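when you get a sec, could you give me coordinates for this:
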Amino acid sequence: MKDVLSGVEEKLRAREFKFTTRRELILKALLENNDKHLSAEELYNLVKQKAPDMGLATVYRALELFQELDIINAIDFGDGRKRYEFGVEVGKNHHHYHFICTKCGCINEVDDDLTEDLESRIGKKHKFTITDHQLKIFGICNKCLASY
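Prediction:
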């Protein structure tokens, strides 16, 4: 975790932003819950336990800054809320996909890169340079299927 925080601190300072205690708390909460795809409100509730005077607006501003600097990614899983995860900054492959259960809302990551060849062919055909993509696959998880 220290290496990640140091890297983020360097990136912030390089763009003349401060690495405040509040920003560090938000990043730590994201790192400690990296498998959960937390919303801003969920992050706020976690961070508020350690910093009771932290405001929700502070969390939103920090998340916007982290997105702008490509430290985190925001994803909408169809529930009207942005969810956040670390990007390539912590070694996460940016080509990963999400299975989203339409019953319970659980989110599972798939690290296989299924579209590399497809991107290349489509890019060449349409003379378009693809810089990133997101793939969300909706369905019903095994746990929900078993409860039918």
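
beyond the lowest-mean-pLDDT helix or strand in the chain, next helix or strand please.
Sorting the helices and strands of the chain by mean pLDDT, DSSP states H and E puts strand 107-110 at the bottom, at a mean of 80. Going down the chain from strand 107-110, the next helix or strand is helix 116-126, by DSSP states H and E.

can you show me the CA trace of that following helix as CSV?
This file holds the C-alpha atoms of helix 116-126, laid out as CSV (Å, rounded to 0.1, in the frame of the first residue of the first chain):
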residue,chain,number,x,y,z
GLU,A,116,-7.8,-7.1,-28.3
ASP,A,117,-8.2,-8.6,-31.8
LEU,A,118,-11.6,-7.0,-32.2
GLU,A,119,-10.3,-3.6,-31.3
SER,A,120,-7.5,-3.9,-33.8
ARG,A,121,-9.8,-4.9,-36.6
ILE,A,122,-12.5,-2.3,-35.9
GLY,A,123,-9.9,0.4,-35.4
LYS,A,124,-8.3,-0.3,-38.8
LYS,A,125,-11.6,-0.6,-40.6
HIS,A,126,-13.0,2.7,-39.3
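
and after that helix, which helix or strand comes next?
Assigned by DSSP H and E, the successor of helix 116-126 is strand 135-139.

so what's the residue nearest the centre of the chain up against?
Nearest to the geometric centre of the chain sits residue 85, at 1.8 Å (C-alpha atoms, centre = their mean). Shown in contact with residue 85 (C-beta atoms under 8 Å, 6 or more residues apart in numbering): 30, 34, 37, 72-73, 75, 92. The C-beta positions use only the backbone N, C-alpha and C, and glycine is treated the same way.

quick check, it in a helix?
No: per DSSP: H, G, I helix; E, B strand; the rest coil, residue 85 lies outside any helix segment and is strand.

can you name the residues bridging to it?
Taking DSSP bridges, one obtains residue 73 as the residues bridged to residue 85.
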